[in-house]
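A.B. asks: can't give you the sequence, but here's the structure:
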Ligand SMILES: C[S@@+](CC[C@H](N)C(=O)[O-])C[C@H]1O[C@@H](n2cnc3c(N)ncnc32)[C@H](O)[C@@H]1O
């Protein structure tokens, strides 16, 4: 067995020469994020952009930098909203000619991407505007630690089979992260469950929503884990803290926004959340490049790392709260509209059901929005 640390296995599997995210068709073919779910999400982000633009005094250019841009879906949609081409009859907004859009992504630039969207592998320095990252941090490679009779050790994984075995002791940096951010509860046994078949949306976890579904964690690891004394494994989020801190450091003035599923110190999932996705299905997390490998984000530790770089307090809310604050309206349209404007009624009905999906606390609504301001106040941006 050629076993290596999960962090390196995940990096090669997702971003190596034949990595899942750089050589395949793109994330949208394998799972659905909020960006893909509905234009309601993009419209809310655009509302945040507009409010931030005003708070920053209408700068030229106003940057939107999307880290982990997929195939540029969010930026394409924001450009359409700014130029008024998203809705029939809509006019261009004042932002249209000041907006500078940059996708940050290790995958190659899509051939059909509009030329006014820049494509790069590193966030540019000196951003004035919004740096956004939707479901990026859960794909930042991380290590898995496991308690043994001789202390915490890295879990090593064979990239071709996913088979795991305890390896060397944790470095002092990772041990410090673990004791600071992941005080471990006594591991409790998780019930065995059959593999799930069709979760289209990536995993969710919320402090408000239900407990993360431990059954899903069994998919791909149950049998092997039990053989090797599975129990108490912990995902070490230090690499995500560093990645987020670097991204926030690129902001001169504005807001860095991370939208992701994750957990807080009081309720870390027992035994971790590492899992795989392929073609809309949850699969065993075998880091061989054939599937997405993802783990929930320790949002509070990421936030603390960002706040240290930004020198400002952060705001952490659920997606539900964020979208409602940004004007997403889940109310059903009045039935009378069906008579006077049938097409408008159908559009409003579709929007209402999209809002319901995006704000469902047990689903996408349970995702976290981390807003990290630099030189601007967040309160006014998110006021209802
Ligand atoms: C789950 S997808 C999310 C795509 C899109 N943001 C969405 O919400 O649909 C994660 C994306 O992050 C990208 N990514 C991973 N590491 C990155 C890095 N260091 N810099 C930029 N993008 C990265 C991956 O290639 C992948 O396209």
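C.D. replies: On my side now, so go ahead. For clarity, every value in this text was computed on a predicted model and none was experimentally measured.
A.B. asks: what's the local residue count around the residue lying closest to residue 279 once chain neighbours are set aside?
C.D. replies: Leaving aside its chain neighbours, residue 279 sits nearest to residue 30 (6.0 Å; criterion: CB to CB, 6 or more residues apart in numbering). All C-beta spots, glycine's among them, are computed from the backbone N, C-alpha and C. Other residues lying near residue 30 total 21 when counted by other CB atoms under 10 Å.
A.B. asks: tell me the contacts of residue 30?
C.D. replies: Applying CB atoms under 8 Å, 6 or more residues apart in numbering, we find residue 30 in contact with 24, 277-280, 291-292.
A.B. asks: residue 22 now?
C.D. replies: By CB under 8 Å, 6+ apart, the contact list for residue 22 reads 14-16, 106-108.
A.B. asks: check the burial of residue 98 by counting its neighbours.
C.D. replies: 16.
A.B. asks: so which residues on the stretch 51-200 of the chain come close to the ligand?
C.D. replies: By the rule CB under 6 Å from any ligand atom, the part of the stretch 51-200 of the chain lying against the ligand is 67-70, 73, 104-107, 134-136, 139.
A.B. asks: out of those residues, which are buried?
C.D. replies: The neighbour count (16 or more other CB atoms under 10 Å) marks 67-70, 73, 104-105, 107, 134-136, 139 as buried among these.
A.B. asks: ranges for the helices of the stretch 201-350 of the chain?
C.D. replies: In the stretch 201-350 of the chain, the helices defined using DSSP state H, counting those that start in this stretch lie at 214-218, 222-227, 238-248, 299-310, 319-325, 336-340, 342-359.
A.B. asks: of all those helices, which lies closest to the ligand?
C.D. replies: helix 238-248 (6.4 Å; CB to the nearest ligand atom).
A.B. asks: report the inter-axis angle for the closest one versus helix 299-310.
C.D. replies: Orientation check (axes from the mean of the first three to the mean of the last three CA atoms, to 10 degrees): helix 238-248 against helix 299-310 gives 40 degrees.
A.B. asks: what residues sit buried inside helix 238-248?
C.D. replies: Buried residues in helix 238-248 (16+ other CB under 10 Å): 238-241, 243-245, 247-248.
A.B. asks: from what I can see residue 290 touches residue 284, true?
C.D. replies: No. Using CB atoms under 8 Å as the test, residue 290 is too far from residue 284 to be in contact (10.3 Å).
A.B. asks: so which of the two has more stuff around it?
C.D. replies: residue 284 (17 against 14).
A.B. asks: do I have it right that the more buried one meets residue 276?
C.D. replies: Yes. Residue 284 is in contact with residue 276 according to CB under 8 Å; the separation is 5.9 Å.
A.B. asks: the residue in the stretch 101-250 of the chain positioned nearest to the ligand bridge partners, please.
C.D. replies: Of all residues in the stretch 101-250 of the chain, the one sitting closest to the ligand is residue 134 (3.7 Å; CB to the nearest ligand atom). Beta-bridge partners recorded for residue 134 (DSSP bridges): residue 259.
A.B. asks: next up, the contacts around it.
C.D. replies: If you count contacts by CB under 8 Å, 6+ apart, residue 134 has them with 33-35, 66, 68, 74, 258-260.
A.B. asks: local confidence estimate at it?
C.D. replies: At residue 134, the model reports a pLDDT of 97.
A.B. asks: now do residue 327
C.D. replies: 88.
A.B. asks: nearest residue to it in space, please, no chain neighbours.
C.D. replies: residue 47 (5.6 Å).
A.B. asks: relative to the ligand, how far out is the one you found?
C.D. replies: Residue 47 is 18 Å from the ligand, where distance means CB to the nearest ligand atom, to the nearest Å.
A.B. asks: other residues contacting stretch 108-128?
C.D. replies: So stretch 108-128 is contacted by 22, 26, 56, 59, 61-63, 65, 67, 69, 71-72, 75-76, 79, 100-106, 131, 246-247, 250-254 (CB under 8 Å, 6+ apart).
A.B. asks: likewise stretch 162-178?
C.D. replies: Residues contacting stretch 162-178 (CB under 8 Å, 6+ apart): 1, 3, 5, 143-146, 148, 150-158, 184, 220-221, 224-225, 228, 234, 236-238, 241, 284-288, 301.
A.B. asks: quick one on the thing from earlier: which of the contacts of residue 22 fall in helices?
C.D. replies: Secondary structure defined by DSSP state H assigns 14-15 of those to helices.
A.B. asks: helix, strand, or coil at residue 156?
C.D. replies: strand (DSSP: H, G, I helix; E, B strand; the rest coil).
A.B. asks: who's in contact with it?
C.D. replies: Taking CB under 8 Å, 6+ apart, one finds 3-6, 164-167 in contact with residue 156.
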